[in-house]
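In: Following is a predicted model, sequence given first.
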Amino acid sequence: MVKMKRWLGQMGFNKNGGNINWFPGHMDAANRAIRRRLKLSDFVIEVRDARIPLSSANEDLQPMLCEKRRVIALNKKDLANPNIMHRWIRYFNSCKQECFPINAHSRSSVQKLLDIMEFKLKEVITREPTLLVIVVGVPNVGKSALINSIHQIASSRFPVQEKMKRATVGPLPGVTQDIAGYKV
Ligand SMILES: Nc1nc2c(ncn2[C@@H]2O[C@H](COP(=O)(O)OP(=O)(O)O)[C@@H](O)[C@H]2O)c(=O)[nH]1
Ligand SMILES: [Mg+2]
């Protein structure tokens, strides 16, 4: 038993090496691909789960996300305990991190998030006709649901003839396995 413990202790359970490498290559490649796009983005909506706002963050991307104009969307607020969620909001405010609780299925809630984004980008909007907004987050936090709601709001304000490209929403993680672009 003692020998076993020592052996386990010697194994590096970290992504940078050790005998067991739990950080799969495809996750590393995805982070690199996201970083490349983050460089070009005008704004970031980082989606987290309102019930677990720290453990649903992608740690590796945080240093880069901190430098971007971003809002942390605390999604699935309908499933969160409102008292605890408000304590989290106070926590993020004390860290000077802008966060906003949303329900990706609710149009009014997503509209408020868009209003914040529009306000933060108002100076850029006057210069640039096209903006790149990145929606980023770990699997299953509701990125696709949010993108579809944004799409719906946009298409009702500015009706277009072309067919809308929808993001696939699913209850299990890993429904979307690529980085997709959506014109809004
Ligand atoms: N109750 C609730 N469910 C949500 C919300 N947003 C997304 N979901 C559900 O969470 C699951 C994952 O959503 P999805 O958009 O596919 O997550 P993604 O992997 O981040 O793209 C789906 O079953 C959605 O219907 C929300 O605000 N409230
Ligand atoms: Mg998805």
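Out: Arrived safely, thanks for sending. Residues are numbered from 1 along each chain as shown. Ligands and ions are numbered 1, 2, ... in the order given.

In: What are the boundaries of the helices in the chain?
Out: Assigned by DSSP state H, the helices in the chain fall at 2-10, 25-40, 62-66, 82-94, 107-120, 122-127, 143-157.

In: quick one: which of these is nearest ligand 2?
Out: Distance to ligand 2, taken as C-beta to the ion, is lowest for helix 143-157 among the helices of the chain, at 3.3 Å. Bear in mind the C-beta positions are built from the backbone N, C-alpha and C, glycine included.

In: quick one, that closest one and helix 107-120 angle?
Out: Helix 143-157 runs at 80 degrees relative to helix 107-120, counting by axes from the mean of the first three to the mean of the last three C-alpha atoms, to 10 degrees.

In: and helix 143-157, what does it pack onto?
Out: Using 3 or more C-beta pairs under 8 Å, 6 or more residues apart in numbering; DSSP states H and E as the contact definition, the elements that helix 143-157 packs against are strand 43-49, strand 70-75, helix 107-120, strand 133-136.

In: got these as CSV, with mean pLDDT, mean neighbour count and distance to residue 127 columns?
Out: Written out in CSV, the entries for the helices and strands packed on helix 143-157 read as follows (pLDDT from 0 to 100; neighbours: other C-beta atoms under 10 Å; distance: least, C-beta to C-beta, whole Å):
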stretch, mean pLDDT, mean neighbour count, distance to residue 127
strand 43-49, 97, 23, 14
strand 70-75, 97, 24, 20
helix 107-120, 95, 15, 14
strand 133-136, 95, 20, 15
